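Visitor: Turn this into a model:
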Amino acid sequence: MAKAKNNFSKQTYIEWYELMLLIRRFEEKVTQLYGLQKIKGFCHLYNGQEAVIAGTMSTIRKDEDSMITAYRDHGHALAAGISANAVMAELYGKVTGCSKGKGGSMHLFSKEHRLFGGHGIVGAQIPLGAGIAFAEKYNGTDRVCVTYMGDGAVRQGALHETFNMAMLWKLPVIFVCENNGYAMGTSVERTTNMLDISKMGLAYDMPSAVVDGMQCETMHEAMTLAVKRAREGNGPTFLEVRTYRYRGHSISDPAKYRSKEELAEYKSRDPLETTKQTILDMKYMTLDELERMEDRINEEVRRSVEFAETSAYPSAEELFTDVYAEPNYPFAE
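Guide: Sure, this is the predicted structure:
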């Protein structure tokens with residue numbers, strides 16, 4: 001994994017930092033609310049992995065290109081442009097949420113912002129991402145679909161079937177494995193004899209690479225090549241992005257399967273802190289300006305909680321809405 005070149009603009013660095021800061025502060029508030037039982041059910045945090053989505057967003061066309069991911073999806077939703085209000089309300093199960101209060105943390109969705117989930121079934125989004133890309137190619141667009149998965153999902157058989165078809169049909173899809181080292185509480189070393197996950201793409205002659213996911217710069221560079229390949233009709237790319245989550249698999253996971261030293265090592269590479277330091281070193285913003293940005297984001301998060309708290313729950317009449325395409329489906333009573 002080569003070190004990225006520092007050849008990005010002031011605007012790019014500021015946008016990266018602002019997005020990552022929003023995701024981090026939003027999820028820190030979510031952690032507090034979960035402890036107060038305001039948010040219930042499963043809840044998986046993205047803390048530590050923010051550079052992956054930030055480096056993606058600076059390469060794709062927002063509201064045109066598509067994204068689909070697994071259930072660690074808060075960061076992807078905020079990055080796609082879904083408001084903090086709509087995401088927080090969804091976590092609360094409120095009707096004003098982006099999935100009308102029916103999806104919760106794991107099933108954030110917005111057709112408008114072209115985020116097609118949030119999927120709770122491990123690996124289920126992989127063939128769906130290829131399907132979205134197939135539709136784009138069929139319709140003659142040059143749009144791409146970025147399909148995210150965790151390191152545990154690459155053990156699913158559907159991945160191999162999808163990789164084969166994606167290469168056969170040269171689909172404009174970018175497969176991104178967010179390898180944070182653990183599938184729930186099981187380390188990669190305990191699940192595979194081959195630790196270089198990127199090599200799985202080579203079995204299908206799919207261009208593949210290992211990417212440092214703790215830097216926005218390296219993520220952007222790898223995604224730029226993959227997006228260009230897809231838009232030009234040259235098919236998919238598989239990126240194994242090596243990143244790290246600072247929290248457990250879910251909020252309720254104490255993560256005792258890893259050492260304090262390992263966690264500290266990755267926290268020393270925190271993408272928020274390294275990006276902030278670059279901004280200061282390059283004199284793109286002053287410390288006072290950064291603090292004002294943080295105050296603004298904290299206020300945005302505070303207002304999202306207020307919005308969620310005051311929103312209504314879905315009515316009982318909504319139980320079968322959006323479940324069946326046919327409004328008078330026989331089982332919808």
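Visitor: M67: what secondary structure?
Guide: strand (DSSP: H, G, I helix; E, B strand; the rest coil).
Visitor: quick one, what contacts it?
Guide: By Cβ atoms under 8 Å, 6 or more residues apart in numbering, the contact set of M67 is 56, 60, 76, 80, 114-116, 145-148. Placement of C-beta: from N, CA and C, glycine included.
Visitor: ok, what's across the strand from the residue nearest to it when sequence neighbours are not counted?
Guide: Once flanking residues are discounted, M67 sits nearest to V146: 4.9 Å by Cβ to Cβ, 6 or more residues apart in numbering. Beta-bridge partners of V146, counted by DSSP bridges, are M67, I174.
Visitor: Quick one: the helices in the protein, in order.
Guide: Counting by DSSP state H, the segments of the chain that form helices are 10-35, 50-57, 74-80, 84-92, 125-138, 157-168, 199-202, 216-231, 260-267, 271-281, 287-310.
Visitor: want to throw these into JSON lines with distance to Y182?
Guide: Shown next, in JSON lines, are the helices of the chain (distance: least, Cβ to Cβ, whole Å):
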{"stretch": "helix 10-35", "distance to Y182": "18"}
{"stretch": "helix 50-57", "distance to Y182": "15"}
{"stretch": "helix 74-80", "distance to Y182": "17"}
{"stretch": "helix 84-92", "distance to Y182": "23"}
{"stretch": "helix 125-138", "distance to Y182": "19"}
{"stretch": "helix 157-168", "distance to Y182": "18"}
{"stretch": "helix 199-202", "distance to Y182": "18"}
{"stretch": "helix 216-231", "distance to Y182": "20"}
{"stretch": "helix 260-267", "distance to Y182": "10"}
{"stretch": "helix 271-281", "distance to Y182": "19"}
{"stretch": "helix 287-310", "distance to Y182": "27"}
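Visitor: Which one, of those, ends up nearest to E240?
Guide: Nearest to E240, of all those, is helix 199-202, at 8.3 Å by Cβ to Cβ.
Visitor: could you give the mean pLDDT of that closest one?
Guide: Throughout helix 199-202, pLDDT has a mean value of 95.
Visitor: Could you work out which of the helices of the chain reaches nearest to E318?
Guide: helix 84-92 (14.1 Å).
Visitor: Give me the neighbour count for Y17.
Guide: 25 (other Cβ atoms under 10 Å).
Visitor: Could you find the closest non-adjacent residue to it?
Guide: Per Cβ to Cβ, 6+ apart, closest to Y17 is T275, 4.8 Å.
Visitor: I figured that neighbour was touching M20, is that so?
Guide: Yes: under the criterion of Cβ atoms under 8 Å, T275 makes contact with M20 at 6.7 Å.
Visitor: where do the contact lists of the two overlap?
Guide: Common neighbours of T275 and M20 (Cβ under 8 Å, 6+ apart) are 51, 216.
Visitor: Looking at these two, which has the bigger crowd around it?
Guide: Legend: neighbour count by other Cβ under 10 Å for T275 and M20, higher for M20 (27 against 23).
Visitor: isn't that one right up against A54?
Guide: Yes: using Cβ under 8 Å, M20 is in contact with A54, at 5.2 Å.
Visitor: What are the phi and psi values at G81?
Guide: The phi/psi pair for G81 (degrees, to the nearest 10) reads phi 110, psi 0.
Visitor: count of neighbours near the nearest residue to Y71 once chain neighbours are set aside?
Guide: Among residues not flanking Y71 along the chain, M106 sits closest, at 3.7 Å (Cβ to Cβ, 6+ apart). M106: 21 surrounding residues under other Cβ under 10 Å.
Visitor: M106: what's it in contact with?
Guide: With Cβ under 8 Å, 6+ apart, M106 has these contacts: 41-42, 44, 71, 73, 118-120.
Visitor: check contacts around the closest residue to S315 other than its chain neighbours.
Guide: Nearest non-adjacent residue to S315, counting by Cβ to Cβ, 6+ apart: V95, 7.7 Å away. With contacts defined as Cβ under 8 Å, 6+ apart, V95 is in contact with 89, 101, 311-315, 318.
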